[in-house]
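# just to be clear, the model below is a prediction. Sequence and coordinates:
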Amino acid sequence: MVSVVGIGADGWDGLPEASRRTLRAAEVLIGGPRQLDLLPAGACPGTRVPWPSPLRPAVPGLLAAHEGRRIAVLASGDPLFYGIGRTLAEFVGPDRLDVRPHPSSVSYACARLGWPLEATETVSLVARPLDALTAALHDGRRLLLLGEGPESPARVAALLRERGWGRTRIRVLEQLGGPRERLLDGTAADWPHERADALHVLALDCVRDPDTLRLGTTPGLPDEAYEHDGQLTKRYVRAATLAALAPAPGELLWDVGGGSGSIGVEWMRAHRACRAIAVEKSPERAARIARNAAALGVPGLKVVTGGAPEALTGLETPDAIFIGGGLTAPGLLDACWDALPPGGRLVANTVTLESEAVLAERHRRHGGELIRLAVAAAVPVGGFTGWRQAMPVTQWSVTKGSGEA
């Protein structure tokens, strides 16, 4: 067994007796230098081993080096809340872990702020792109951020100003639960603190600036949310396309012929665990996809620059594929179909008669649903108002059955 003991800024004094007994009995104590320094030398005689950097690759070797000895690993707060407990469970298995949690920094923060824990979203910035915060910003929303390093609050404030959330209130709660606990308070627009204590949580009361575009949580973001050159699946067709693709947590999408990346972006915005790969042959558009993904809070969207079907070789097996262009390219549709596992979904859109004929033939062969989407917008006609019809979009959506070639 490997014991994992959560410890807070209050150190040894804040530990329950069961956790203290575990640490006293340990022959090997593994943790960060700050955590190890919180243990009194006389009470915990075990050999102290600081984590090396990078941590994750070192875990198997470090545990193997002390096999057969009583090991206790120190963790900040709750070891299984963005902590080392998850990594240990992956390497040694949950059955070999004896986890003794301490109140997490998020629990402490909610206690200080009077925020209900179950209604407060937590976003970790530790080893994650700061741009990911953007997807969680909604007017009136309360967020807790797990910061990375003393500069995190200043970096968050700068991002909020840049993205049009300068009126957001920021509170930095340092050294929660310890004798050096401190609160910093201000707004993103006039945040005065360049550095904070490394051990902190940020609390945001989100307020959108009046001229900032409002972005909802459902598919069909405004077209003006995207940087594009005209190659953009328009808002209402995009919403219908995402409904057909039906993203679910943890699933992977191939967005083939990415254009501006809107389908991949909104697939990933559907849930933080959704993943997407955009395949785009134009380097200029590929760079634009990456910028859109960062600006809309999903910087983890992977962009592959190259023409399909060649660029699809070696990509991770998708759960769903969207084809937004190039349906008449030799081998493209076959390559996408072959890449899908049973139960995988494929959605293809087109506005040309030639590609429509391709989709009609595939619908005859594989079934699924073949529909036409037509959108008209009201526009001025002299002193009156009339309808302007956009080009109709033909869409084929299908789920691959087991045993289908």
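Good, I have the coordinates.
# CA atoms for contacts and neighbours, from now on please.
OK.
# got the contact list for the host helix or strand of residue 277?
Element membership for residue 277, per DSSP states H and E: strand 275-280. By CA atoms under 8 Å, 6 or more residues apart in numbering, the surrounding residues in contact with strand 275-280 are 250-259, 261, 264-265, 267-268, 286, 289, 300-308, 311-312.
# in helices only, show me the residues you listed.
264-265, 267-268, 286, 289 (DSSP state H).
# the residue nearest to residue 129 when sequence neighbours are not counted and residue 218, how far apart?
Spatially, and ignoring its direct neighbours in sequence, residue 129 is nearest to residue 299 (6.9 Å; CA to CA, 6 or more residues apart in numbering). Residue 299 is 18 Å from residue 218, where distance means CA to CA, to the nearest Å.
# what of residue 70?
Taking CA to CA, one finds residue 70 at 50 Å from residue 218.
# quick check on the contacts of strand 275-280: which are buried?
251-259, 261, 264-265, 267-268, 286, 289, 300-308, 312 (16 or more other CA atoms under 10 Å).
# for the one residue sitting closest to the centre of the chain, give me its contacts.
Of all residues in the chain, the one closest to the mean position by CA atoms, centre = their mean is residue 272, 4.0 Å from it. By CA under 8 Å, 6+ apart, the contact set of residue 272 is residue 249.
# ok, it to residue 352 distance?
Counting by CA to CA - residue 272 and residue 352 are separated by 35 Å.
# also residue 110?
For residue 110 relative to residue 352 (CA to CA), the value is 55 Å.
# that older thread, so for the residue nearest to residue 129, what pLDDT did the model give?
At residue 299, the predicted lDDT confidence score is 97.
# follow-up on the earlier one: so between residue 70 and residue 218, which is more surrounded?
residue 70 (17 against 13; other CA atoms under 10 Å).
# ok, now how distant is the more buried one from residue 26?
For residue 70 relative to residue 26 (CA to CA), the value is 5 Å.
# give me the contacts around stretch 97-109.
1-8, 15, 19, 76-81, 85, 88-89, 117, 122, 144, 173, 176-177, 201.
# give the buried residues for that stretch.
Buried residues in stretch 97-109 (16+ other CA under 10 Å): 97, 99-109.
# please narrow those residues to those residing in helices.
105-109.
# closest to residue 31 out of those residues?
residue 105 (17.6 Å; CA to CA).
# re the thing from before, same list (the ones in helices among the contacts of strand 275-280) but as JSON lines, adding pLDDT and distance to residue 130.
Below are the ones in helices among the contacts of strand 275-280 laid out as JSON lines (pLDDT from 0 to 100; distance: CA to CA, whole Å):
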{"residue": "264", "pLDDT": "98", "distance to residue 130": "19"}
{"residue": "265", "pLDDT": "98", "distance to residue 130": "16"}
{"residue": "267", "pLDDT": "98", "distance to residue 130": "19"}
{"residue": "268", "pLDDT": "98", "distance to residue 130": "16"}
{"residue": "286", "pLDDT": "97", "distance to residue 130": "21"}
{"residue": "289", "pLDDT": "97", "distance to residue 130": "17"}
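# between these, which is nearest residue 361?
So of the ones in helices among the contacts of strand 275-280, ranked by how close each gets to residue 361 (CA to CA), first place is residue 264, at 26.4 Å.
# so what's that closest one up against?
Contacts of residue 264 by CA under 8 Å, 6+ apart are 253-255, 258, 276-278, 301.
# report pLDDT for residue 325.
Taking residue 325 on its own, its pLDDT is 86.
# count residues in the vicinity of it, would you?
Neighbour tally, residue 325, other CA under 10 Å: 20.
# same question, the one 5 residues further on
Other residues within reach of residue 330, judged by other CA under 10 Å, total 11.
# ok, it to residue 19 distance?
For residue 330 relative to residue 19 (CA to CA), the value is 64 Å.
# least confident of the contacts of residue 264?
residue 258 (92).
# that residue contacts residue 324, correct?
Yes. Residue 258 lies in contact with residue 324 (CA atoms under 8 Å); the separation is 7.0 Å.
# how about the helices in the protein?
Going by DSSP H, the chain shows helices at 17-25, 33-37, 59-65, 84-92, 105-113, 152-162, 235-245, 262-269, 283-295, 332-339, 353-366.
# make TSV from these and add distance to residue 212 to it.
Output for these, formatted as TSV (distance: least, CA to CA, whole Å):
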stretch	distance to residue 212
helix 17-25	49
helix 33-37	42
helix 59-65	45
helix 84-92	38
helix 105-113	27
helix 152-162	10
helix 235-245	18
helix 262-269	19
helix 283-295	13
helix 332-339	38
helix 353-366	38
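# highest mean neighbour count out of the ones you listed?
Per-stretch averages of neighbours, counted by mean count of other CA atoms under 10 Å, single out helix 262-269 among the helices of the chain, with a mean of 28.
# ok, the residue lying closest to residue 86 once chain neighbours are set aside to residue 117 distance?
Spatial nearest neighbour of residue 86, excluding adjacent residues (CA to CA, 6+ apart): residue 80 at 5.6 Å. Here residue 80 is placed at a distance of 16 Å from residue 117 (CA to CA).
# neighbour count: the two, which is higher?
residue 80 (20 against 15).
# phi, psi of the more buried one?
phi -100, psi 20 (degrees, to the nearest 10).
# quick check: it touching residue 88?
No. Between residue 80 and residue 88 there is no contact under CA under 8 Å: 9.6 Å.
# coming back round to it: what angle separates the strand holding residue 277 from helix 283-295?
Relative orientation of strand 275-280 and helix 283-295, computed by axes from the mean of the first three to the mean of the last three CA atoms, to 10 degrees: 160 degrees.
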